[in-house]
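Chemist: What follows is a predicted structure for the sequence shown.
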Amino acid sequence: MVRRATRSPGARPRTPRAATSTDPLLLLRALAEQRGAPGADDALDRWLSSMSTTPGLFEASADFLATRTETLFSTPERWFLLSILSEMYVDPVLTEAVDELEARLDDEERSWPGNDGQLMSEEALRDASPVYAALGDAMGALQHAISVSFLGNIGMADVARAMTNDDGVFSRLVRDGEATLLGVPRIVLGPDDDPFDILQA
């Protein structure tokens with residue numbers, strides 16, 4: 001999955017579908033109007049940065065993007081935006097577990113003898129420290145579970161199911177949505193990932 005955002009500052013705890021007076025259309029419409037243009041990435045960043053300063057924007061955006069009658073964005077674009085929200089979501093029940101895993105990962109990174117005060121790459125740390133690799137796997141599984149739970153809670157069970165399946169549909173739709181919305185190159189990974197027949201051109 002495309003990862004463009006982490007937890008928004010001051011974003012915990014969050015509960016999907018909370019009541020809000022914020023109109024998500026203001027920032028999301030600006031993003032839709034910039035579709036495929038150079039300003040699309042900046043419009044996306046403005047929407048994301050506003051999450052921490054505009055009360056209720058996260059919940060309002062989630063509700064809006066989960067509405068079946070929403071027409072500003074194509075299905076792949078909605079899945080792309082929902083995937084970002086699913087990564088930003090902080091589960092109030094699992095916050096303590098996430099924080100503990102993050103602290104243990106930081107401790108393991110700092111204490112690893114091969115570190116020598118220099119920052120090591122994620123890959124190097126995983127290769128050097130089985131403990132770091134195991135903690136990283138646990139963190140990934142927990143974050144995945146939180147994302148899937150969030151999508152289910154806002155009524156996007158189809159997206160949640162696609163995220164858990166290992167058939168490439170979710171990743172392909174998210175990449176398609178990013179490509180059309182932000183105007184980034186569409187990378188074709190093979191014949192099964194070629195909806196526009198690029199390989200046959």
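Modeler: It's in. Numbers count the residues shown, from 1 in each chain.
Chemist: my read: M51 touches A62, true?
Modeler: No. If you go by Cβ atoms under 8 Å, M51 and A62 don't touch, sitting 10.7 Å apart. From N, CA and C alone the C-beta is placed, and that goes for glycine too.
Chemist: neighbour count winner among the two?
Modeler: A62 (27 against 23; other Cβ atoms under 10 Å).
Chemist: Just the buried residues of the helix or strand where S171 lies, please?
Modeler: Element membership for S171 (DSSP states H and E) is helix 169-182. Across helix 169-182, burial judged by 16 or more other Cβ atoms under 10 Å covers 170-182.
Chemist: Going by distance to L28, which of the residues you listed wins?
Modeler: Set against L28, the nearest of the buried residues of helix 169-182 by Cβ to Cβ is L181 (10.8 Å).
Chemist: Return the residues in contact with that closest one.
Modeler: For L181, the contacting residues are 31, 35-36, 40, 44, 73, 77, 80-81, by Cβ atoms under 8 Å, 6 or more residues apart in numbering.
Chemist: Looking at those residues, which are in helices?
Modeler: 31, 40, 44, 77, 80-81 (DSSP state H).
Chemist: how near is the residue lying closest to W112 once chain neighbours are set aside to S121?
Modeler: Closest residue to W112 apart from its sequence neighbours, by Cβ to Cβ, 6 or more residues apart in numbering: S129 at 5.3 Å. Separation of S129 from S121 (Cβ to Cβ, to the nearest Å): 12 Å.
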